[in-house]
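S.K.: Build me a model:
(one chain, ligands or ions: 2)
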Amino acid sequence: MGIIQRLDEQLSNMIAAGEVIERPMAVVKELVENALDAKARFIEVKINQGGIESIEVIDDGIGMDSSDATLAFERHTTSKINNKEQLFAPEFLGFRGEALPSIASVSDCVLKTSKDDNGTNIHIAYGKIMQVRPHSASTGTHIRVEGLFRKTPARFKHLKSANYEASLIIDLMEKFALSRADVAFKLSDENKVLLNTSGTNQMLEVLASSFGNRIARLAHEFTLKDYDFTIQGVWVDPQEHRSNNKGILIFINNRIIRSWYLQKAIVEAFSAYIPAHRYPVCIVNLNMDAHLVDVNVHPSKWEVRLSKEQQAYFLLLDGISKQLSEKVHPKEHVEKIEEAFSEQTKLFDVNHYIEDVQSLNLEVNESITHTKERHPTFPYLDLIGQMHGRYILASSEDDLYVIDQHAAKERINFELILEKMNDNQDQFDLLLPIEIECSSAFMERFEEFKSILNPLHIHIEPFSLTSYIVRAIPIWLNQNNLQRFMQDVMDRFLVESKINQEVLREAVIATMACHRSIRFNQSLTNIDMRHIIEELAYCKQPYHCPHGRPTLVKQNASSLWKDFER
Ligand code: ADP
Ligand code: MG
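M.R.: Ligands and ions are numbered 1, 2, ... in the order given. This next block holds a predicted model:
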């Protein structure tokens, strides 16, 4: 007698749920996709405790009649495709027929739906149908999902704090709103409205509600076309740039996707306008024949395969580059940016050297005397000079040292800030508090963010649903460009999924250190360079910058000797 048996329906639904329904955000994604596929014009999402307690999605789409409503919860039942042809060119966001049975297998779920006065109310709890009865309502669908993963503890324990789960949902809903400016979206968490768009196809208005008014004011709408693609999007003036790629959003046929390759085209187009290792804010929607895109790569449908990908790459690259060259003058722009950057980083600028000696460098000198009680970590180095405006060359008895001036200064500042952090004297109140715009996803986690910044003497308070104010900063933080500094810190904070205070605190300090460091292409005097070498030698961990990149490389004299075939 064999031991293989067919899995029962509940078990196989739970396995499918394991693939796509990994957290409340995924429930919202599937249900909102269903509402969009049902041609809804208004979609409302209500969450409680970041969706851990409950999620409700209400739409004014085509609804379901009673026979469809019960079928919808069975596996592999769908109204969206019925042949192979449609699988490879889906015109809907969903098509696998797995979302509803998966969600219902791991939650307590109530569906109320109505089509042409034929309404149904179905209650399914953890895969078991509890009740089906008639229901009277206008056409549309209302789904309430409660107690997600309550009976699957292995899943439940992977959920993070309610605020974090909420922030993921807000982020997702902002993307939906940007991908479909013609649909009205509303999101609220325990009656607090977090997103509300009008559905009047005003892209800049939607942009303002998710990225803030300042970004919307800097944005330009554009359209690019060739035989296969129509791309619509907005790019934001490159004076705005971010430390990570979260400001780049790509949609294909209004579907939210991830594409490293297309993202690269956008980054490339901006590269002449923004500093290295920084990212633009740019949102594009590529419309194309559905046959050109394969969505069937992974059940969660974030990844897609695109034929003619290279053609799309060049359409984006050339089109955005042209837009930028017409509307932004690269050289002037770069100078403006360099200026802005050097404002924060002129610590070692020759002209400011003398003035700064009394203020900023005082701390540096102090730090040298302070740390000199320790022994230097590498030997005394003779300065040779600066190379390519980026590197300091120096030699010891045995080695040639090439020091990355930016990374070295970052390391020095990092250790300096760490040392001084607990000194309360080092904080001052800003004469005028500065307002910083942010997303409502961010505001959801504001208290957490605040608790990390407070011990660093950065005092912030909530101001509106999408902004907060900075009241006081530590003296070593330059207040010029505080906006950009805070943006970088927020970006880092938002990508951290594990709430590890220590890691985040270090990331904030590393950002502080980076903002105070000398940039590449800055000429240094011999005094500057000697300072850097000496300070670096007294660092506790001189060989890496706080982001983990090396600060120096060494070439051994004996290997040089060999290279010259001696
Ligand atoms: P899929 O979306 O892949 O078809 P789902 O399990 O998400 O699978 O949904 C099953 C079916 O239920 C859909 O094909 C659709 O016919 C119907 N359905 C689900 N949600 C809605 C909704 N909000 N409005 C109308 N019909 C819906
Ligand atoms: Mg679906």
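S.K.: Could you pick out the longest strand of the protein?
M.R.: Ranked by residue count, the top strand of the chain under DSSP state E comes out as strand 427-437.
S.K.: Figure out how far it is from the centre of its chain.
M.R.: With C-alpha atoms, centre = their mean, to the nearest Å as the basis, strand 427-437 stands 25 Å off its chain's centre.
S.K.: and the next helix or strand after that strand, what other elements does it pack with?
M.R.: Using DSSP states H and E, the helix or strand that directly follows strand 427-437 along the chain is helix 440-444. With contacts defined as 3 or more C-beta pairs under 8 Å, 6 or more residues apart in numbering; DSSP states H and E, helix 440-444 has these neighbours: helix 162-179, strand 192-196, helix 482-495. Every residue, glycine included, has its C-beta placed from N, CA and C.
S.K.: Centroid-nearest residue for the protein?
M.R.: Centroid-nearest residue in the chain, with C-alpha atoms, centre = their mean: residue 246, separated by 3.3 Å.
S.K.: Please render the helices and strands packed on helix 440-444 as a markdown table that adds distance to ligand 2 and mean neighbour count to the earlier fields.
M.R.: Listed next are these as a markdown table, based on distance: least, C-beta to the ion, whole Å; neighbours: other C-beta atoms under 10 Å:
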| stretch | distance to ligand 2 | mean neighbour count |
| --- | --- | --- |
| helix 162-179 | 14 | 23 |
| strand 192-196 | 21 | 17 |
| helix 482-495 | 28 | 20 |
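S.K.: can I get these in CSV with mean pLDDT and distance to residue 211?
M.R.: Output for these, formatted as CSV (pLDDT from 0 to 100; distance: least, C-beta to C-beta, whole Å):
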stretch, mean pLDDT, distance to residue 211
helix 162-179, 94, 8
strand 192-196, 92, 12
helix 482-495, 81, 11
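S.K.: of all the residues in the chain, which ones are close to ligand 2?
M.R.: 34, 94, 99 (C-beta under 5 Å from the ion).
S.K.: Just the ones of the residues you listed in helices?
M.R.: 34, 99 (DSSP state H).
S.K.: would a markdown table of the residues of the chain next to ligand 2 with distance to ligand 1, pLDDT and neighbour count be doable?
M.R.: Formatted as a markdown table, the residues of the chain next to ligand 2 follow (distance: C-beta to the nearest ligand atom, whole Å; pLDDT from 0 to 100; neighbours: other C-beta atoms under 10 Å):
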| residue | distance to ligand 1 | pLDDT | neighbour count |
| --- | --- | --- | --- |
| 34 | 3 | 96 | 23 |
| 94 | 3 | 85 | 20 |
| 99 | 3 | 92 | 23 |
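S.K.: quick one: which of the residues of the chain next to ligand 2 is nearest to residue 262?
M.R.: Checking those against residue 262 with C-beta to C-beta, the nearest one is residue 94 at 22.9 Å.
S.K.: Surely residue 195 touches residue 177?
M.R.: Yes: Residue 195 is in contact with residue 177 according to C-beta atoms under 8 Å; the separation is 6.4 Å.
S.K.: Could you tell me which residues touch both of these two?
M.R.: When C-beta atoms under 8 Å, 6 or more residues apart in numbering defines a contact, the residues bordering residue 195 and residue 177 alike are 185, 209, 210.
S.K.: who wins for neighbours among those?
M.R.: Ranked by the number of neighbours (other C-beta atoms under 10 Å), the shared contacts of residue 195 and residue 177 place residue 185 first, at 26 neighbours.
S.K.: From residue 173, how far out is it?
M.R.: 6 Å (C-beta to C-beta, to the nearest Å).
S.K.: shared neighbours, these two?
M.R.: In contact with both residue 185 and residue 173: 45, 195, using C-beta under 8 Å, 6+ apart.
S.K.: coming back round to it: pLDDT on the longest strand of the chain, on average?
M.R.: In this model, strand 427-437 has a mean pLDDT of 83.
S.K.: Contacts only, for residue 74.
M.R.: Counting by C-beta under 8 Å, 6+ apart, residue 74 touches 9, 101.
S.K.: Assign a three-state SS to it, would you?
M.R.: Put simply, residue 74 is coil when judged by DSSP: H, G, I helix; E, B strand; the rest coil.
S.K.: The stretch 1-150 of the chain against ligand 1: which residues are in contact?
M.R.: Residues of the stretch 1-150 of the chain that fall close to ligand 1, judged by C-beta under 6 Å from any ligand atom: 30, 34-35, 38, 59, 61-64, 72, 77-80, 94-100, 141.
S.K.: Name only those of those that count as buried.
M.R.: Using 16 or more other C-beta atoms under 10 Å as the burial test, these include 30, 34-35, 38, 59, 61-64, 72, 78-80, 94-100, 141 as buried.
S.K.: I'd like the distance between residue 454 and ligand 2.
M.R.: Taking C-beta to the ion, to the nearest Å as the measure, residue 454 falls 43 Å from ligand 2.
S.K.: How about the stretch 401-550 of the chain: which residue is closest to ligand 1?
M.R.: With C-beta to the nearest ligand atom, the shortest gap between the stretch 401-550 of the chain and ligand 1 falls at residue 441, namely 24.1 Å.
S.K.: which residues of the stretch 401-550 of the chain score low on pLDDT?
M.R.: Scanning the stretch 401-550 of the chain for pLDDT under 70 picks out 420-426, 476, 478-480, 496-505, 515-522.
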